[in-house]
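Colleague: below is the sequence, then the predicted model.
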Amino acid sequence: MDVLDKRRPGRAGRRWLRIGATIAAAVALAGPSIAAASADPAEEQPRHSFAEYQGIPISIFEYGPSADEAPTIVTTGGWPGDSSIFEPAARKLAKKYHVVRYDRRGVGESGHELTEESNSLENLAGELGAVLDKTAPGRPVHTFNEAWGSYIAAEYAYRNPGRIASLSAIGAPSLDLQHYAMVESVDHPQNLPGNLAYATWFASMSMPVLPELYIQAGATEAAFGALMAIMGEQPVHMTKEDLLASVSIYRANAPARLLNPEYDYLTVPVMQVFQSPLDNPDVIAGLERHTNNLWVTEIEGGHGNFGRTSWPLVSSELDKAIATTESGTPTN
């Protein structure tokens, strides 16, 4: 008979057993928290919620730490497509920052019952404000967008001075300030072809009914899909429902703002432009005279594949903009 199998632990042994059990229980309870703290943001599911503005639900995805723990970067999509074009970047940025990705009205999981008036830049900026109030209340934030996402951020910065700490854009950062680049084409004829091509695109998309007819026929989905493939861009998630609901963003804003802008100067601690080979440099000609601190960085790739072609450079410049503005010394 094995005596050790029958032996009861003495007083000291029982004390150590109790201590061991307590430690084991504590570790078991803390396990999920420890795992969560050490998890890779690139592998985590974003925290999904909704804000509401003007009765329209706005779909929000948050990554990484909270706004209390790290600077906040906010991004949304341009046109066409929802904000998922920034999903890979959001996951990478979440290793350092609180990242907020939201679908503007008319796309993704956000509300689609829109009128042309409700798609105005003023309302879109108010929508961004509702997202900020929910995800980073009372805090300055950094924005990183392309196309219409950048125009919305610029509109919000114009209407809410001091809330945008840095405004980073792939391509032109402001619809209103592009007016002045087009005006400069009169004195700089070499810029005229590029600005005319740009204006032609906006004019065609601002026509009554015609863009909707193209979308109903499926031409827009097919054309954009083919164009993205030719340029080596990642696919943009778009549905016919999204395209129809959101195409009025052009009619609601482009003619008025390009011909009669609401502002001629935008003050932000840092305005950063990532200039892609696919973007026409003419549309930012003279921009340095219409903002207080402009950074321009040339990147490879386009609006959808910058993460594959230029991510180290893009992320480094975002870090620099955030570091200088968070420290209160915005210099390039």
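Modeller: Cool, got the structure. No experiment lies behind these values; they were computed from the predicted model shown.
Colleague: from here on, contacts and neighbour counts on C-alpha atoms
Modeller: OK.
Colleague: count of neighbours near residue 295?
Modeller: Around residue 295 there are 15 other residues, counting by other CA atoms under 10 Å.
Colleague: give me the element it is part of.
Modeller: Per DSSP states H and E, residue 295 falls inside strand 294-298.
Colleague: so what strands line up beside that strand?
Modeller: strand 270-275 (parallel) (DSSP bridges).
Colleague: which residues touch the strand it pairs with?
Modeller: Outside strand 270-275, the residues that touch it by CA atoms under 8 Å, 6 or more residues apart in numbering are 165-173, 281, 291-299, 314, 321, 325, 330-331.
Colleague: now that strand: buried residues?
Modeller: By neighbour count on 16 or more other CA atoms under 10 Å, the buried set for strand 270-275 is 270-275.
Colleague: for residue 143, what is the enclosing helix or strand?
Modeller: strand 141-146.
Colleague: doesn't residue 61 make contact with residue 48?
Modeller: Yes: Residue 48 lies in contact with residue 61 (CA atoms under 8 Å); the separation is 4.7 Å.
Colleague: these two: which is more packed in?
Modeller: With neighbours defined as other CA under 10 Å, residue 48 and residue 61 compare such that residue 61 has more, 20 against 13.
Colleague: relative to residue 70, how far out is residue 327?
Modeller: From residue 327 across to residue 70, the span is 13 Å (CA to CA, to the nearest Å).
Colleague: hang on, the earlier thing: give me the angle between the strand holding residue 143 and strand 270-275.
Modeller: Our comparison of strand 141-146 with strand 270-275, counting by axes from the mean of the first three to the mean of the last three CA atoms, to 10 degrees, yields an angle of 20 degrees.
Colleague: could you chop this protein up by domain?
Modeller: If you go by automatic domain parsing, the domain ranges for the chain are 3-38, 47-326.
Colleague: looking at residue 327 and residue 70, which is more packed in?
Modeller: Set residue 327 next to residue 70 and count neighbours by other CA under 10 Å: residue 70 wins out with 14 against 8.
Colleague: how is that one assigned, secondary-structure-wise?
Modeller: In three-state terms, and counting by DSSP: H, G, I helix; E, B strand; the rest coil, residue 70 is coil.
Colleague: in the host helix or strand of residue 321, what counts as buried?
Modeller: For residue 321, the enclosing helix or strand under DSSP H and E is helix 311-326. Under the neighbour-count criterion of 16+ other CA under 10 Å, helix 311-326 has 311, 313-314, 317-318, 321-322, 324-326 buried.
Colleague: how about CSV for those residues, with distance to residue 152 and pLDDT added?
Modeller: What follows is these, written out as CSV (distance: CA to CA, whole Å; pLDDT from 0 to 100):
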residue, distance to residue 152, pLDDT
311, 23, 93
313, 24, 95
314, 21, 95
317, 21, 97
318, 19, 97
321, 19, 97
322, 20, 97
324, 23, 92
325, 20, 92
326, 22, 85
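Colleague: which members of these are the farthest-apart pair?
Modeller: 311 and 326 (21.8 Å; CA to CA).
Colleague: flag the shaky bits of the stretch 201-332 of the chain, pLDDT-wise.
Modeller: For the stretch 201-332 of the chain, residues meeting the criterion pLDDT under 70 lie at 221, 224-235, 328-332.
Colleague: ignore what I typed, I meant the stretch 1-150 of the chain.
Modeller: For the stretch 1-150 of the chain, applying pLDDT under 70 flags the ranges 1-39, 41-42.
Colleague: my guess is residue 63 meets residue 102, correct?
Modeller: No: using CA under 8 Å as the test, residue 63 is too far from residue 102 to be in contact (11.3 Å).
Colleague: neighbour-wise, which of these two wins?
Modeller: Remark: of residue 63 and residue 102, residue 102 carries more neighbours, 29 against 26, as counted by other CA under 10 Å.
Colleague: just give the nearest non-adjacent residue to that one, would you?
Modeller: residue 60 (4.3 Å; CA to CA, 6 or more residues apart in numbering).
Colleague: same question for residue 203.
Modeller: Of all residues not flanking residue 203 in the chain, residue 255 sits nearest, at 7.3 Å (CA to CA, 6+ apart).
Colleague: give me the element that neighbour is part of.
Modeller: Judged by DSSP H and E, residue 255 forms part of helix 248-259.
Colleague: name the helices or strands packed onto that helix?
Modeller: helix 175-184, helix 192-205 (3 or more CA pairs under 8 Å, 6 or more residues apart in numbering; DSSP states H and E).
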